[in-house]
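>>> Sequence and predicted structure are below.
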Amino acid sequence: MNKRSSITAWVLLLMFGLFGIANAAPIITFEASGQLFSTNPVFTNVETFDTFQTQPTWTWGGSFEVLSGSKGTAAKPWMDINGNYATVPSDTSNFNPNYATIAFNGVYNNFGLYWGSMDSYNTLTFYLGTTVVASFTGDNATIPNYQANGDQQNYKTNHYVNILNLPAFDNIKMTSTQYAFEVDNIAVGVPEPGTLLLLGVGLVGLAGLRTRSKKS
């Protein structure tokens, strides 16, 4: 194998490796203490609902309500002592529709939210355009081996959830067939800088090969 072929093979392996990273199974991590915020990864955009909309470029749709306390149809997430949160659907919707949507201002791979009093009938669905790329229920987001039973004062059903390494998405749907799906600090992010750096190296390598090929 000559030098050019060797470099080409290395770049292709690198890019296939990155493709594999981008398309590996999503990873769900938890803040087991029930804390409100997550620190890994560092997200680029966060909606706290305290000055709704903190992210004015996100487009909301469907049925939801921003609250500061608990009421008959929604419970303020445990540990979320101060500030506002969102509940889906709103209590005036009569479940028509029974979901809320968010269209983001870009394409992302990482997602986080504080999920309050998780229920099995809460569903979080990720889309790229109109195509479903991933979906999770409250049962997927609880501490392992614990049921999403709507407990309002238990860290096992009230904690920050990171869903990392997702397929590319640009909008989500939060569905609840009963009252309610309570969320706070919704966050989105892109792959960590290290992965982007590797991709940059691969692209530079391809550009170098292309230039060298023209000269020869």
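Now that the structure is in, tell me what you want to look at.
>>> Can you tell me the centre-most residue of this structure?
Central residue of the chain (C-alpha atoms, centre = their mean): residue 111, 1.7 Å from the mean position.
>>> Just list the residues touching that one, thanks.
By C-beta atoms under 8 Å, 6 or more residues apart in numbering, the residues touching residue 111 are 126, 162, 163, 164, 166, 169, 172, 186, 187, 188, 189. From N, CA and C alone the C-beta is placed, and that goes for glycine too.
>>> Also residue 161?
Applying C-beta under 8 Å, 6+ apart to residue 161 gives the contacts 28, 29, 30, 31, 112, 113, 114, 115, 141.
>>> hmm, try it at 7 Å
By C-beta atoms under 7 Å, 6 or more residues apart in numbering, the residues touching residue 161 are 28, 30, 112, 113, 115, 141.
>>> And residue 98, by the same measure?
89, 175, 176, 177.
>>> Next, count neighbours for the third one.
Using other C-beta atoms under 10 Å, residue 176 has 22 other residues around it.
>>> pretty sure it contacts residue 125?
No - taking contacts as C-beta atoms under 7 Å, residue 176 lies outside contact range of residue 125: 11.9 Å.
>>> Return the set of residues that bridge with the residue nearest to the centre of the chain.
Beta-bridge partners recorded for residue 111 (DSSP bridges): residue 163, residue 188.
>>> if we can go back for a sec, out of the contacts of residue 161, list just those in helices.
residue 141 (DSSP state H).
>>> I'd like to know which of the contacts of residue 161 is nearest to residue 52.
Nearest to residue 52 out of these is residue 113 (C-beta to C-beta; 14.9 Å).
>>> correct me, but that closest one touches residue 188?
No - look at residue 113 against residue 188 with C-beta under 7 Å: they stay out of range, at 9.7 Å.
>>> Give me the more crowded residue out of these two.
residue 188 (26 against 23).
>>> Could I get the contacting residues of the more buried one?
Residue 188 makes contacts with 43, 44, 45, 104, 108, 110, 111, as judged by C-beta under 7 Å, 6+ apart.
>>> What is the nearest of these to residue 52?
Comparing the contacts of residue 188 against residue 52 with C-beta to C-beta places residue 45 closest, at 14.0 Å.
>>> how many neighbours does that closest one have?
Applying other C-beta under 10 Å, we find 16 residues neighbouring residue 45.
>>> ok, it - contacts?
Shown in contact with residue 45 (C-beta under 7 Å, 6+ apart): 55, 187, 188.
>>> Residue 71 versus that one, what's the distance?
Distance, residue 45 to residue 71, by C-beta to C-beta, to the nearest Å: 28 Å.
>>> repeat for residue 173
Here residue 173 is placed at a distance of 23 Å from residue 71 (C-beta to C-beta).
>>> of the two, who's got more company?
Set residue 173 next to residue 71 and count neighbours by other C-beta under 10 Å: residue 173 wins out with 19 against 13.
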